[in-house]
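Trainee: Below are the sequence and a predicted model for it; my questions follow.
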Amino acid sequence: MTTVDPNVRDTVGEYKWGFHDTEKPLFMAEKGLTEGLIREMSAMKEEPEWMLELRLEALETFYKLENPKWAGSPEVLDAIDFDNIHYYVKATDTDSTNWEDVPEYIKDTFDKLGIPEAERQFLAGAGAQYDSEVVYHNIREDLEAQGVQFLGMDQGLREHEDLVREHFSTVIPSGDNKYAALNTAVWSGGSFIYVPPGVHVEVPLQAYFRINTENMGQFERTLIIADEGSYIHYVEGCTAPTYSSSSLHSAVVEIIVKKNARVRYTTIQNWSNNVYNLVTKRAYAYENAVMEWVDGNIGSKLTMKYPSVYLMEPGAHGEILSLAFAGDQQHQDAGGKVVHVAPDTTSAIVSKSVSRGSGRSSYRGLLKVYEGAANSSSTVRCDALLLDELSRSDTYPTMEVDEERVNIGHEASVSRLGEDQLFYLMSRGIDEESAAKMVVNGFVEPIVKELPMEYAIELNRLIELQMEGSVG
Amino acid sequence: MTAAESNAPTWLAEYRALAQRTLDEKSLPDSSDRPWKYTDVTSLDVFELARLETEDQAIQITSSPDNLVVRDLIDSAYDPELQDKIESNLGHLIPANEDYLLAANSAEWKSGFFINPQSDTQHTKPLVIDIDLSKQSATIFPRILVVAESNSELDIVINSASIEEEALIIAALELKVKNNARLGITFVNNWGLDTKEFTTLRADLADNAALNISTICIGGSLIKHRYDIHLNGKGADSRVKGVAVGDKAQHFDFMTVQEHNGPNSSSDVEIKTALAGESRAVYYGITRVTEEAKGSQANQENRNMLLASKAKADSDPVLEILTNDVSRCGHGATVGPVDAEGMFYLMSRGLDKRAALRTLVGGFISPIVDHLKDSDMADEVRAIVNNKLQNASLD
């Protein structure tokens, strides 16, 4: 374990999780993306032939697709050097259900991040991914006995090939965008979750993603299938060391919420400020199903992530709560998309963003109502808070409505930290910095209160860290 | 270059040549160009229809306030006294090579006006311009240049009408509004049903300059109005109010850009549409507040009322706020049907369905129609809208 290079810290700021391990990984692919690499990976993972073919097709698609024209920071996005990335780094052979089997140095990392402690206290199960591979996953025995599957994606493919083959890449085809194609070509790790009909998993399952290697690409792939009438809450957290050069995190998350089921997916993304976070997340919600995304973006250099819900059958409901905090030199391009395909569907998007220093936060959304999706309703509410003169906030809401009998509304506001609010608090004897923190905490409260308590505390603490030295 | 311009001043010849080169090199924009995402013009042939021998009848002034400097634009370009002013303004806000449609206007315009309200002159009577293609199927390229000198005041009304056969209008307006000047522009578009219109208006607002734009869109098959307003001076103020009432396969596309560069500038946009038949409305708006525009405020509203099941509305009101020193910036967009409770109430009072609908739509668009300065014009617009709704295809 080494400490952060002080020069690097000066450029990317204070970041508690910025340490990295110096252990040599078991296998590290040469930098660069080739067909040979994909064949080698697939062979090491002993994958079925169809998966290799899917990967190779996706690689072709990746080469063909360009970065999106609408990107808010094209110069930052175009700076990604795809030849300077390790696409596959395998630290260990184990994907263990026993914490003791995890190699000492990795265990040490996750111990520092507080994962095993969290698992013991309030989780139904936990998974941990270190670079490209899931190193640990575990689920409570009673849930396992009810048939709940919580596995690493690679293991999921081995043990439930039919289920994976039926659903993999159906919600997000590899041609969806350049980074979905990249993920499909080189995916490794992620979670596979299946919840049988009627099973309610009352406490959250958690996965923790850690990038350790410099110039590393992490491409986890998650597939969640919530069968009829089931419920699950999945929480993911992310951190990475502070290096002077960038890493790329490009995940794909596909969720299928069947009739009367409910899935809540919570992300607390706290990558270090040298990570590109380019993620595609989408859920299909069927009859009377409920899909909720709670998306907190604190870290990273550039995040582009718009969790989406397709409301496929009558009565489906989608909800997206998005919180972004863009600190100095960060661009949080986040938001949400809802597509109303069926009648009597409802959705709500609430977005809160805070920009500090030269940080920029963008809300980018899509609300699409197809003809025939009658009696649908949707509200989109975006609020942005700007803390400094250099801070920037954008709102790109896009609404496409092809159906008459709908009720669609969008409201947005951008404001500065209120001087009267600060004045009031300071007149009560609170110093300026604490007052600013209180105002920001109050601003993000509607989202934070949706989190499990431990995460709410953690998120408030992260925001406070971001706010350090923000005044004066 | 048109034949009449054989001995044109050098700058005009160069300007026409640049426009012509652009036409040769560029093609019409497609849906990958964001402003054209929902409006397909790729199969448009700008030069398909005939040109008019003389356009004096097609674009003419029907009423002008006393002492207003308003001249034919070509004549002004040749006039030794006005030439410098034309040269230093024409094509500056809308360059001849910007895109295909603007290049077409720049290369082809032969009728247009130079309007130059003088300093400290407040005109109470409006300047009324009629664009009239009611006699013949044709394409025209109107061009208007307004230089509103400091502390002047003027309202311009542009009325449009055309035959039911094909017609195409590609218009460009450049507005320079100097310190403390106030300029109003009202478009009343009552085109025939097979008319396509593409209008680009671009304005440069100096210190405390004010620009008011009102648009009433009733006729036409494909209408695109784009207003780019550069609030460059401190305290500059712009208001855009637009209404479209659609039926059949009518397509209305509004794009507005409010670029705040001056401190304490303010902008307000309110676009409302009521859509019957298979008509469609598109709104794309960008409010950008740059670092220099401290203390600015901006508001954008787009409300769409769908009156029939095949009607569509797309709305994208964008905010780009680059400083925290804003007093308030916000936007709102809605799409929904006619208020069912309101319909029920009015019908329970004995109104038939059409009358109830006319009442509700009338109320919905009244903030914009009532805003028209001329009350006779407002009455006329209400009558046209009522008549259109009476015959509109509902479900």
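Mentor: Sure thing, it's come through.
Trainee: Which residues are in contact with A:D131?
Mentor: A:25, A:89-91, A:210-213, A:216, A:218 (Cβ atoms under 8 Å, 6 or more residues apart in numbering or on different chains). Where you see a C-beta, it was placed from the backbone N, CA and C, and this is true even at glycine.
Trainee: what does A:W271 give?
Mentor: A:211, A:238-240, A:249, A:277, A:299-300.
Trainee: please redo it, this time with the cut-off set to 6 Å
Mentor: Counting by Cβ atoms under 6 Å, 6 or more residues apart in numbering or on different chains, A:W271 touches A:238, A:240, A:277, A:299-300.
Trainee: Pick the one among those residues closest to chain B.
Mentor: When these are ranked by distance to chain B (Cβ to the nearest Cβ), A:S300 comes first, at 20.8 Å.
Trainee: what about that closest one, distance to A:L278?
Mentor: A:S300 sits 9 Å away from A:L278, going by Cβ to Cβ, to the nearest Å.
Trainee: Repeat that for A:M41.
Mentor: A:M41 sits 20 Å away from A:L278, going by Cβ to Cβ.
Trainee: Between the two, tell me which one has more neighbours.
Mentor: A:L278 (25 against 22; other Cβ atoms under 10 Å in any protein chain shown).
Trainee: The more buried one pairs with what?
Mentor: As for beta bridges, A:L278 partners with A:M304 under DSSP bridges.
Trainee: The worst-scoring helix or strand of chain B on mean pLDDT: what's the following helix or strand?
Mentor: Of all regular secondary-structure elements in chain B, judged by mean pLDDT, DSSP states H and E, the least confident is strand B:326-337 with a mean of 90. Later in the chain than strand B:326-337, the nearest helix or strand by DSSP states H and E is helix B:340-348.
Trainee: Which elements pack onto that next one?
Mentor: Judged by 3 or more Cβ pairs under 6 Å, 6 or more residues apart in numbering or on different chains; DSSP states H and E, helix B:340-348 is in contact with helix B:353-369.
Trainee: Identify all contacting residues around the helix it packs on.
Mentor: Contact partners of helix B:353-369, identified using Cβ under 6 Å, 6+ apart, comprise B:241, B:243, B:272, B:274, B:305, B:338, B:342-343, B:346-347, B:378, B:381, B:386, B:389-390.
Trainee: quick one: which two of those residues are the most distant?
Mentor: B:K241 and B:M347 (29.9 Å; Cβ to Cβ).
Trainee: quick one: which of these two has more around it?
Mentor: B:K241 (23 against 14).
Trainee: Could you measure from that one over to B:S214?
Mentor: 5 Å.
Trainee: What pLDDT does the model give the closest residue to chain A within the stretch 201-350 of chain B?
Mentor: Among the residues of the stretch 201-350 of chain B, B:N324 lies closest to chain A, at 3.4 Å counting by Cβ to the nearest Cβ. Each residue has a pLDDT score; the one for B:N324 is 86.
Trainee: where's it relative to A:S347, distance?
Mentor: B:N324 is 31 Å from A:S347, by Cβ to Cβ.
Trainee: likewise B:I156?
Mentor: B:I156 is 44 Å from A:S347, by Cβ to Cβ.
Trainee: Who has more neighbours out of those two?
Mentor: A:S347 (26 against 23).
Trainee: gap between whatever helix or strand the more buried one lives in and the chain center?
Mentor: If you go by DSSP H and E, A:S347 is part of strand A:346-355. Chain-centre distance of strand A:346-355: 16 Å, with Cα atoms, centre = their mean, to the nearest Å.
Trainee: partners of it, with directions?
Mentor: Short version: by DSSP bridges, strand A:346-355 pairs with strand A:317-326 (parallel), strand A:376-386 (parallel).
Trainee: what's the most buried one of those strands?
Mentor: Mean neighbour count (mean count of other Cβ atoms under 10 Å in any protein chain shown) peaks for strand A:317-326 among the strands paired with strand A:346-355, with a mean of 26.
Trainee: which residues sit against it?
Mentor: Contacts for strand A:317-326 (Cβ under 6 Å, 6+ apart): A:285, A:290-298, A:307, A:309, A:311, A:332, A:334, A:336, A:338, A:346-355, A:359-361, A:444, A:447, A:450, A:463, A:466.
Trainee: tell me the mean pLDDT for that strand?
Mentor: The model assigns strand A:317-326 a mean pLDDT of 96.
Trainee: contacts for the next helix or strand after it?
Mentor: Per DSSP H and E, strand A:317-326 leads on to strand A:331-340 as the next helix or strand towards the C-terminus. Strand A:331-340 has contacts (Cβ under 6 Å, 6+ apart) with A:72-73, A:297, A:302-311, A:318, A:320, A:322, A:324, A:326, A:347, A:349, A:360-369, A:373, A:376.
Trainee: by how many degrees do strand A:331-340 and strand A:346-355 diverge?
Mentor: On the basis of axes from the mean of the first three to the mean of the last three Cα atoms, to 10 degrees, strand A:331-340 is oriented at 170 degrees to strand A:346-355.
Trainee: partners of strand A:331-340 in the sheet?
Mentor: strand A:302-305 (parallel), strand A:308-311 (parallel), strand A:360-369 (parallel).
Trainee: by how many degrees do the longest one and strand B:326-337 diverge?
Mentor: Here strand A:360-369 runs at 10 degrees with respect to strand B:326-337, directions being taken by the same axes, to 10 degrees.
Trainee: Now do the SS call for residue 39.
Mentor: Going with chain A. For A:R39, the assignment made with DSSP: H, G, I helix; E, B strand; the rest coil gives helix.
Trainee: In the stretch 351-472 of chain A, what residue lies closest to chain B?
Mentor: A:L386 (3.4 Å).
Trainee: residue boundaries of the helices in chain B?
Mentor: B:10-25, B:73-78, B:83-87, B:100-108, B:340-348, B:353-369, B:375-391 (DSSP state H).
Trainee: Could you dump the strands paired with strand A:346-355 into a markdown table and include distance to A:K112?
Mentor: Converted to a markdown table, the strands paired with strand A:346-355 look like this (distance: least, Cβ to Cβ, whole Å):
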| stretch | distance to A:K112 |
| --- | --- |
| strand A:317-326 | 23 |
| strand A:376-386 | 32 |
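Trainee: count of neighbours near the closest residue to A:H200 other than its chain neighbours?
Mentor: Leaving aside its chain neighbours, A:H200 sits nearest to A:Y231 (4.4 Å; criterion: Cβ to Cβ, 6 or more residues apart in numbering or on different chains). Residues lying near A:Y231 (other Cβ under 10 Å) number 18.
Trainee: shouldn't A:Y231 be in contact with A:N260?
Mentor: No - A:Y231 is beyond contact range of A:N260, at 9.6 Å (criterion: Cβ atoms under 6 Å).
Trainee: Quick check: A:N177 vs A:G125, distance?
Mentor: 31 Å.
Trainee: what comes up buried for stretch B:286-303?
Mentor: Across stretch B:286-303, burial judged by 16 or more other Cβ atoms under 10 Å in any protein chain shown covers B:286-290, B:293-303.
Trainee: I meant to write stretch A:453-468 there.
Mentor: A:455-456, A:458-460, A:462-463, A:465-467.
Trainee: cool, and stretch A:163-181?
Mentor: Those would be A:163-164, A:167-169, A:171-172, A:174-181, for stretch A:163-181 by 16+ other Cβ under 10 Å.
Trainee: Touching that stretch from outside, list them.
Mentor: The contact list for stretch A:163-181, computed with Cβ under 6 Å, 6+ apart, reads A:58, A:61-62, A:65, A:156-157, A:184, A:250, A:252, A:254, A:256, A:278, A:280, A:282, A:284.
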